[in-house]
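J.: Coordinates for the following, if possible.
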Amino acid sequence: MKKRQRVKKNEDFQKVFKKGKSFANRQFVVYCLQKEEQEEFRIGLSVGKKIGKAVTRVQIKRYIRQVFLELKEEVRQDMDYVIIARHPAATLDFHETKKSLEHVLKIAKVLKRK
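T.: This next block holds a predicted model:
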């Protein structure tokens, strides 16, 4: 993922939390905020210390980024997404992570296919 595709600043995170809509399943919470002027989507990741040690948290973040890289053609481009990992996400492998995130994104109605 390129740097311009990431939500980095705290004020951007707060905007997505306050104005965006949230969708969740057992493993992830996804906040979505539509931004008209944006050509490509941005994602912000939040994986708390309660989920595990640094290695586990980094692995979850890598999985989420890779899922979005694979789904970039199907995900709505004019949005900011903030993904919060919940505790069960620490036990998932990549394919389970992808399936879980696809499920939440379908609930949010931001996937073009299926």
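
J.: right, and Asp78 touches Phe41 too?
T.: Yes. Contact between Asp78 and Phe41 holds when scored by CB atoms under 8 Å: they sit 7.4 Å apart. C-beta coordinates here come from the backbone N, C-alpha and C atoms, glycine included.

J.: okay, these two: which has more neighbours?
T.: Using other CB atoms under 10 Å as the criterion, Asp78 and Phe41 rank with Phe41 on top: 20 against 14.

J.: And that one, its phi and psi?
T.: Dihedral angles phi and psi of Phe41 (degrees, to the nearest 10) take the values phi -70, psi 160.

J.: quick one: contacts for it?
T.: For Phe41, the contacting residues are 5, 68, 72, 75-81, by CB atoms under 8 Å, 6 or more residues apart in numbering.

J.: Counting neighbours, which of these comes out on top?
T.: Greatest neighbour count in the contacts of Phe41, by other CB under 10 Å, goes to Tyr81: 25 neighbours.

J.: So that residue versus Lys53, what's the distance?
T.: Relative to Lys53, Tyr81 is positioned 25 Å away (criterion: CB to CB, to the nearest Å).

J.: cool, Phe23 as well?
T.: Distance check for Phe23 against Lys53: by CB to CB, it reads 28 Å.

J.: quick one, which of those two is more surrounded?
T.: Neighbour totals were compared for Phe23 and Lys53, and Phe23 leads with 18 against 9 (other CB under 10 Å).

J.: nearest spatial neighbour of the more buried one, skipping sequence neighbours?
T.: If you skip the residues right next to it in sequence, Phe23 has Ala108 as its closest partner in space, 4.2 Å away by CB to CB, 6 or more residues apart in numbering.
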